[in-house]
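1. please work out how this folds:
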Amino acid sequence: MDMKQLKTFQTAAITLNFTKTAKMLNFAQSSVTAQIKALEAELQHPLFERLGKKLVLTATGKEYKKYVDQMLRLNDEALQKISDKQFRTASLTIGAQESQCTYRLPRVLQLFKSQFPHVKLTFKPAHSDDSARALLDDGTLDLAFIMDVRKTPETLLTETLIIEELKMVAAPEYAIKSSVTLKDLQNESFLLTEIGCAYRTLLEQTLAGENVFLHNSIEFVSIEALKQCVIAGLGVAFLPAMVVNKELHNGQLKEIIWPNEHIQLYTQIAWHKNKQMTPPLQAFIDLTRNVFKEERKKAIGSY
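-> Residues are numbered from 1 along each chain as shown. Down below sits the predicted model:
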């Protein structure tokens, strides 16, 4: 006997109807019948009998149900204890770029820590999607948030969470036209994130496609430092809308219209396909899905 058979017997003993039992457990009725017959064969006693059209428990069935109830309850308790222990001793190492850590993940982390306070969370900076992939491949990261448009390696499983709008911005007093061509950008002073950053790569590939290359740029490790320097009037930047929406709204930045203004990236959650899906990891993924589902609803409602 196994737990599936015991659960089937317990349900059938309550419903006294194999058809209802099959629907409740999402089995074919033939499967319910086969499981009950297998139990009866193992016990060498019938558990049910038919009185006309009515299905009833035999005396053995009534007695056996008492023990089955206890066995299933103890099994549930054991599984819960093991699960609780996993959460108490668990740790998750997560990789994400600074923009995601700052603007996308605080709500996820807040909810996760409130529900699972004993799980240790460690964040490792992923300065590029390539570095995040490498850390997932070698097992350093349990999970990573990436922003990309490229095909994901076969070793990883990914799930798109939200579309990221990208904006070209400058300080209001910065001397640049409100609408530019790609050629206009060639001699502008650009404030860029690190090499390998998804939106920097996308900008440079878009410009290179029109034989335009940036000759005057400053590279930043910190996206917040970069943004403050843009506000100070040091140049132009190409950043996710989530990073600059507040400053655009309050007038600290202005948006620059350019030919490819509608290009987008996707925030994705990624993990190795062979990664053991522990309860804490599954809980973090499920909670992330729910939080970003709400974010998508808000984004739709804002249009």
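2. for the stretch 201-303 of the chain, give me the ranges with low pLDDT.
-> The model of the stretch 201-303 of the chain has pLDDT under 70 over residues 261, 301-303.
3. could I get the full set of helices for it?
-> All helices of the stretch 201-303 of the chain, identified by DSSP state H, counting those that start in this stretch, fall at 223-231, 241-250, 279-301.
4. this protein: strands as residue ranges?
-> All strands of the chain, identified by DSSP state E, fall at 48-51, 54-57, 91-96, 120-125, 143-148, 156-170, 189-192, 216-219, 237-240, 254-255, 264-272.
5. dump the ones you listed into CSV; add distance to residue 66 and mean neighbour count as well.
-> Heads up, the C-betas are built off the backbone N, CA and C, glycines and all. Formatted as CSV, those follow (distance: least, C-beta to C-beta, whole Å; neighbours: other C-beta atoms under 10 Å):
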stretch, distance to residue 66, mean neighbour count
strand 48-51, 16, 12
strand 54-57, 11, 14
strand 91-96, 42, 20
strand 120-125, 43, 13
strand 143-148, 45, 24
strand 156-170, 44, 18
strand 189-192, 71, 21
strand 216-219, 72, 12
strand 237-240, 61, 25
strand 254-255, 71, 15
strand 264-272, 44, 19
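6. turn those strands into JSON lines, including distance to residue 12.
-> Shown next, in JSON lines, are the strands of the chain (distance: least, C-beta to C-beta, whole Å):
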{"stretch": "strand 48-51", "distance to residue 12": "7"}
{"stretch": "strand 54-57", "distance to residue 12": "8"}
{"stretch": "strand 91-96", "distance to residue 12": "41"}
{"stretch": "strand 120-125", "distance to residue 12": "44"}
{"stretch": "strand 143-148", "distance to residue 12": "41"}
{"stretch": "strand 156-170", "distance to residue 12": "38"}
{"stretch": "strand 189-192", "distance to residue 12": "66"}
{"stretch": "strand 216-219", "distance to residue 12": "68"}
{"stretch": "strand 237-240", "distance to residue 12": "55"}
{"stretch": "strand 254-255", "distance to residue 12": "65"}
{"stretch": "strand 264-272", "distance to residue 12": "39"}
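7. which among the ones you listed is found nearest to residue 209?
-> Between residue 209 and those, the tightest spacing by C-beta to C-beta is seen for strand 237-240, at 14.9 Å.
8. what packs against the closest one?
-> Counting contacts by 3 or more C-beta pairs under 8 Å, 6 or more residues apart in numbering; DSSP states H and E, strand 237-240 packs against helix 98-103, strand 156-170, strand 189-192, helix 198-208, helix 223-231.
9. for residue 147, what are its contacts?
-> Counting by C-beta atoms under 8 Å, 6 or more residues apart in numbering, residue 147 touches 97, 99-100, 129, 164, 198-199, 240, 265-268.
10. that older thread, of the helices and strands packed on strand 237-240, which is nearest residue 135?
-> Of the helices and strands packed on strand 237-240, nearest to residue 135 by C-beta to C-beta is strand 156-170, at 11.1 Å.
11. and that closest one, average pLDDT?
-> Per-region confidence: strand 156-170 scores 92 on mean pLDDT.
12. from here on, count from 379
-> Okay, residue one is now 379; in that scheme the one you just asked about reads as strand 534-548.
13. could I have the CA atoms of that strand written out in PDB?
-> Output of strand 534-548 as PDB, limited to C-alpha atoms (Å, rounded to 0.1, in the frame of the first residue of the first chain):
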ATOM      1  CA  LEU A 534      18.500  27.700 -17.500                       C
ATOM      2  CA  LEU A 535      14.800  28.000 -17.000                       C
ATOM      3  CA  THR A 536      13.400  31.500 -17.300                       C
ATOM      4  CA  GLU A 537      10.100  33.200 -16.800                       C
ATOM      5  CA  THR A 538       9.200  36.700 -18.000                       C
ATOM      6  CA  LEU A 539       7.900  38.800 -15.200                       C
ATOM      7  CA  ILE A 540       7.300  42.200 -16.800                       C
ATOM      8  CA  ILE A 541       8.100  44.300 -19.800                       C
ATOM      9  CA  GLU A 542      10.600  47.100 -19.100                       C
ATOM     10  CA  GLU A 543      10.100  50.400 -20.900                       C
ATOM     11  CA  LEU A 544      13.400  52.300 -21.600                       C
ATOM     12  CA  LYS A 545      13.800  56.000 -21.800                       C
ATOM     13  CA  MET A 546      16.500  58.400 -23.000                       C
ATOM     14  CA  VAL A 547      16.800  61.300 -20.500                       C
ATOM     15  CA  ALA A 548      18.800  64.400 -19.700                       C
END
